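In: how would this look folded up:
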Amino acid sequence: MLLWNLVLMLVWCALFGDFAVKNLVGGFLIGYLMLMLLSSRGVVGSPRYLRRVRRILSFLWFFLKELVVANVRVAREVVTPGINSKPAIVAVPLGDLSDVEITLLASLVTLTPGTMSMDVSTNRQTLYLHVMDLDGGDAARLRKAIHDGFEVRVVEVLR
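Out: All right, here's what the predicted structure looks like:
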């Protein structure tokens, strides 16, 4: 199905005579919608591919939203007079994740401003994060946000 989606994307771009990024993305989405419609009618199979693409798009939307929120928080902290931040190092327990999933999780957390992955325990059960501002000193809330937000979605995308 991925091959069909890519072919439809290229056909879309060829019809417009422009292979710009906006046309590639638009063509991919139009192709995806066509495949979803054809799959619901039983013309083509592989709903697994459709679910996976939906999960990836959902994950990208979630990450972009988190990125914007984190940037606003950091910008607000920078322009606010005085030092109001409460930096902390937080140990975040990890589920049964593969090396690739741990690496992706740590990288995504580091990409969001205000947090940085520092280390992973030798038994791969704990991720240590440096947080620029631990809201209200509530490490449990941060752990829950990392697990429910990033970890669950990373597992959904990669498994």
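In: ok, Lys86 touching Leu142?
Out: No: at 11.6 Å, Lys86 does not count as touching Leu142 under the criterion of CB atoms under 8 Å. Yep, even glycine has a C-beta here, placed from its N, CA and C like the rest.
In: what sits in contact with each of those two?
Out: Residues touching both Lys86 and Leu142 (CB atoms under 8 Å, 6 or more residues apart in numbering) are Leu134.
In: of the two, who's got more company?
Out: Neighbour count, other CB atoms under 10 Å: between Lys86 and Leu142, Leu142 has more, with 18 against 12.
In: what about the residue lying closest to the more buried one once chain neighbours are set aside, which helix or strand?
Out: Distances taken as CB to CB, 6 or more residues apart in numbering place Val90 nearest to Leu142, at 5.6 Å, with adjacent residues excluded. Element membership for Val90, per DSSP states H and E: strand 88-93.
In: Where do the strands of this protein begin and end?
Out: Along the chain, counting by DSSP state E, strands occupy 88-93, 115-120, 126-131.
In: Format the ones you listed as TSV; extra columns: distance to Tyr49.
Out: TSV is the format used below for those (distance: least, CB to CB, whole Å):
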stretch	distance to Tyr49
strand 88-93	32
strand 115-120	31
strand 126-131	31
